[in-house]
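**Q** Below are the sequence and a predicted model for it; my questions follow.
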Amino acid sequence: NAGVTQTPKFQVLKTGQSMTLQCAQDMNHEYMSWYRQDPGMGLRLIHYSVGAGITDQGEVPNGYNVSRSTTEDFPLRLLSAAPSQTSVYFCASSYRQGRYGYTFGSGTRLTVV
Amino acid sequence: LAKTTQPISMDSYEGQEVNITCSHNNIATNDYITWYQQFPSQGPRFIIQGYKTKVTNEVASLFIPADRKSSTLSLPRVSLSDTAVYYCLVGDPVKPGAGSYQLTFGKGTKLSVIP
């Protein structure tokens, strides 16, 4: 089925560990982005990409890295996990940025202990 | 980016029409208004998008007055399955240049549908 696929769905990390959250879309969308959602909060933009090879920072980029080598994939890397990064992470993609709405993945629930 | 204000929560009985209003006083000329729905443990889902007047699809209607400083999402005859958080977003979806359109989600409106 066409859509945005995020893996893993759940992850527990120890403080200081690194990991990569995977995001893939098969809709040939040019725009992809990563959000985090904390309890009682809306979604906050971490990083985004307007096409392969182009990325930029969002509202809360510290502690995260991204790269976009292909149109389909947009992985999010946590360099050295901290308890403050405990959150639910959503990846989203869209055609022509936002004109026809964004498609979100089902999320990755990350706990850092 | 235009800031939006919407009620924190709303309650409605099944079968009623629900109207959720969003204020966006500093909306820019090229900005569109977009609404998303989010169920617990799921990612947001696009509902409807509009620029002016009225837009309707199979799920909802979006009413935008002439001054565009507010908008109203209308859900006809809600059911229990419409219980969710609804987000109003404002932005220019096709402004050229990197970083031009960043979705800014507020806390949304938590709609609770009561049997």
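**A** Great, that's in hand. Numbers count the residues shown, from 1 in each chain, chains lettered A, B, ... in the order given.
**Q** check contacts around the residue nearest in space to the middle of chain A.
**A** If you average the C-alpha coordinates of chain A and look for the closest C-alpha using Cα atoms, centre = their mean, you land on residue A:34, 3.0 Å from that point. The neighbours of residue A:34, taking Cβ atoms under 8 Å, 6 or more residues apart in numbering or on different chains as the test, are A:21, A:23, A:45-48, A:58, A:64, A:66, A:74, A:76, A:89-92. For glycine as for every other residue, the C-beta is placed from the backbone atoms N, C-alpha and C.
**Q** which regions of chain A lie under the pLDDT threshold?
**A** Using pLDDT under 70 as the threshold, the predicted model of chain A has low-confidence ranges A:1, A:96-100.
**Q** who in it is up against chain B?
**A** A:4, A:31, A:33, A:35, A:40-45, A:48, A:50, A:54, A:56, A:58-59, A:90, A:92, A:96-107 (Cβ under 8 Å from any Cβ of the partner chain).
**Q** does stretch B:57-66 come close to chain A?
**A** No. With Cβ under 8 Å from any Cβ as the threshold, stretch B:57-66 lies outside contact range of chain A, at a closest distance of 11.0 Å.
**Q** what about that stretch, start to end distance?
**A** 20 Å (Cα to Cα, to the nearest Å).
**Q** What residues sit buried inside it?
**A** By neighbour count, with 16 or more other Cβ atoms under 10 Å in any protein chain shown as the criterion, the buried positions of stretch B:57-66 are B:60, B:61, B:62, B:63, B:64.
**Q** so how far is it from its chain's centroid?
**A** Put simply, stretch B:57-66 sits 9 Å off its chain's centre (Cα atoms, centre = their mean, to the nearest Å).
**Q** now stretch A:77-86
**A** With Cα atoms, centre = their mean as the basis, the distance from the averaged C-alpha position of stretch A:77-86 to the chain average is 13 Å.
**Q** now the end-to-end length of that stretch.
**A** Chord length of stretch A:77-86, first to last residue, is 14 Å (Cα to Cα).
**Q** for stretch B:41-54, same thing?
**A** Here the two ends of stretch B:41-54 are set 31 Å apart, with distance taken as Cα to Cα.
**Q** just stretch B:49-57 next, same as before
**A** 10 Å.
**Q** Ok, stretch A:61-70 next?
**A** According to Cα to Cα, stretch A:61-70 extends 21 Å from its N-terminal end residue to its C-terminal end residue.
**Q** repeat for stretch A:86-102
**A** The separation between the terminal residues of stretch A:86-102, taken as Cα to Cα, is 24 Å.
**Q** And that stretch, what's buried?
**A** When burial is assessed from 16+ other Cβ under 10 Å, stretch A:86-102 yields the following buried residues: A:86-94, A:97-98, A:101-102.
**Q** could I get those residues as TSV with secondary structure?
**A** Rendered in TSV, the data for the buried residues of stretch A:86-102 read as follows (DSSP: H, G, I helix; E, B strand; the rest coil):
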residue	secondary structure
A:86	coil
A:87	strand
A:88	strand
A:89	strand
A:90	strand
A:91	strand
A:92	strand
A:93	strand
A:94	strand
A:97	coil
A:98	coil
A:101	coil
A:102	coil
